[in-house]
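Asks: please work out how this folds:
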Amino acid sequence: MKLNIVLKRSIYLMFAMATLGSLTSCQPDTIGEGNGLTDTNVDATFTITPVAGKTNTYQLSAQTQSVISSKWDIGDGLYIGKMDEEISLPDAGTYQIKHVAIGRGGAENTTTQEIVVATSDPLKGNLVQGGTFADATDHAKWTVMNLSPSGAAKWTFKTGSATINSNGGWSQEAIYQAIDVVKDKEYKIDMLVSSQNGSDETWFEVYAGTTVPVLGVEYKDNKVMGLSTWDGCAKAAFSGKLSVVGCVKNDSGSISNVVKFSQTGKIYLVIRSGGNVFTSSGITIAKVELRGV
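Replies: Numbers count the residues shown, from 1 in each chain. Predicted coordinates for the structure are as follows:
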C-alpha cells in the first residue's frame with residue numbers, strides 16, 4: 001500500500017515536469033518574436049465610394065478580415081471610427097485619406113488614398129475667411145482685440161495655425177471676424193485645438209453674436225462652446241476638434257456647436273481666451289469653420 005502511494009506521487013511529479021517543459025518550449029526565446037496571437041500583416045486596404053444623392057460625401061469601407069478596429073484621418077488627425085465610415089468633404093481640394101487597421105495583439109498597418117474634390121458644397125462651404133491661417137493673407141482676415149492693459153496675453157499667427165499665450169494673472173485677448181449669415185438657418189462651428197500642457201483657472205471661449213466687438217471690452221454675446229478648467233477640460237494636454245474635447249455649455253445651457261440666428265446679416269465670430277495659470281505651451285487653433293448644416 002505504501003509503495004503504491006510513492007509510485008503514484010512519482011508519476012504525478014514526472015507528468016507535471018513534462019507539462020511545464022512543454023509550456024516553456026512554446027514560449028519565444030526573445031521578446032518580440034510573438035506568441036502566435038499577434039497579426040503583424042493586418043490588411044489596411046479600403047475602398048472609397050461616392051454616396052449617391054449627397055454632395056461631396058464618400059463611403060470609406062475597410063476590408064474586415066482579421067481587422068479588429070479602424071482609425072481614420074481625413075485631414076484633421078486620427079480618430080477611432082467604424083470600418084464603414086461616411087465622410088463629408090465640403091470644400092474643394094485634394095485630401096489624403098489615411099486608414100489605420102488594428103489587428104490581433106494590437107498590431108497596426110496603414111494605407112493612404114487620395115480624394116480630389118472638384119467643387120465646394122454651396123450649402124456647407126466654410127464661411128470663415130482665413131480659417132486655415134495658411135499665410136499673411138489669411139492672418140489679415142482676423143482682427144486682434146486686446147482686452148488686458150498689461151498685454152500679457154497675446155495671439156500669434158503662424159503658417160497653418162494661431163496660438164494664444166499668456167503670462168497669467170487673468171490677462172486675456174481675443175480675435176474675431178464678421179460673417180454674413182441667413183435667418184433661421186442652422187450652422188456648425190468647429191476648429192482644431194491643442195496644447196502640450198494643462199492649465200489652471202483658464203478659459204477658451206467661442207462666441208457668435210450680433211454685438212459689434214469693442215477693443216478693451218470683454219465680449220459676452222452668445223457663447224457657443226469652449227474649454228474651461230472649472231468645467232473639467234484643459235487641465236491636461238489635449239488635441240482634437242473643439243466639439244469633442246471642449247466642455248463649455250452654450251448660453252442655452254447645453255453643449256452644442258450648432259447655432260441659429262434670428263435675422264439675416266452680420267454676426268461676429270469671436271475667440272476669447274485667458275486665465276490665471278495659463279499653459280506654458282499656449283493654446284493653438286487651426287481649421288476654424290462655420291458651415292451650414
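Asks: which SS class is the residue nearest to residue 139 when sequence neighbours are not counted?
Replies: Excluding the flanking residues, the one nearest residue 139 by Cβ to Cβ, 6 or more residues apart in numbering is residue 157, at 4.1 Å. Every C-beta, even on glycine, is put in place using the N, C-alpha and C of the backbone. The assignment at residue 157 comes out as strand when based on DSSP: H, G, I helix; E, B strand; the rest coil.
Asks: dump the residue contacts of residue 157.
Replies: 133, 139, 142 (Cβ atoms under 8 Å, 6 or more residues apart in numbering).
Asks: same check on residue 140?
Replies: residue 130.
Asks: quick one, phi psi at it?
Replies: For residue 140, the backbone dihedrals (degrees, to the nearest 10) come out as phi -70, psi -10.
Asks: look up how far residue 284 lies from it.
Replies: Here the criterion is Cβ to Cβ, to the nearest Å. By it, residue 140 lies 19 Å from residue 284.
Asks: what does residue 75 give?
Replies: Residue 75 is 17 Å from residue 284, by Cβ to Cβ.
Asks: so for the two, which residue has more residues nearby?
Replies: Between residue 75 and residue 284, residue 284 has the larger neighbour count (other Cβ atoms under 10 Å), namely 20 against 16.
Asks: adjacent strands (with direction) for the helix or strand encompassing that one?
Replies: Residue 284 is located in strand 283-292, with elements delineated by DSSP states H and E. With DSSP bridges as the test, strand 283-292 is paired with strand 161-166 (antiparallel), strand 186-195 (antiparallel).
Asks: dump the residue contacts of the nearest residue to residue 51 once chain neighbours are set aside.
Replies: Residue nearest to residue 51 in three dimensions, not counting chain neighbours: residue 57, with 4.3 Å by Cβ to Cβ, 6+ apart. By Cβ under 8 Å, 6+ apart, the contact list for residue 57 reads 50-51, 86-89.
Asks: could you chop the protein up by domain?
Replies: Under the assignment automatic domain parsing, the domains of the chain span 46-117, 136-292.
Asks: which one of the ones you listed lies nearest to residue 123?
Replies: Comparing the domains of the chain against residue 123 with Cβ to Cβ, the closest turns out to be domain 136-292 (5.0 Å).
Asks: so residue 127 makes contact with residue 179?
Replies: Yes. Under the criterion of Cβ atoms under 8 Å, residue 127 makes contact with residue 179 at 5.1 Å.
Asks: what is in contact with those two at once?
Replies: Between them, residue 127 and residue 179 share these contacting residues under Cβ under 8 Å, 6+ apart: residue 290.
Asks: the stretch 51-200 of the chain: strands as residue ranges?
Replies: 57-62, 69-73, 79-81, 84-88, 93-102, 108-117, 143-146, 153-158, 161-166, 171-181, 186-195, 200-209 (DSSP state E, counting those that start in this stretch).
Asks: buried stuff in stretch 64-78?
Replies: 67, 70-75 (16 or more other Cβ atoms under 10 Å).
Asks: swap in stretch 254-267?
Replies: For stretch 254-267, a neighbour-count test (16+ other Cβ under 10 Å) marks 257, 259, 261, 267 as buried.
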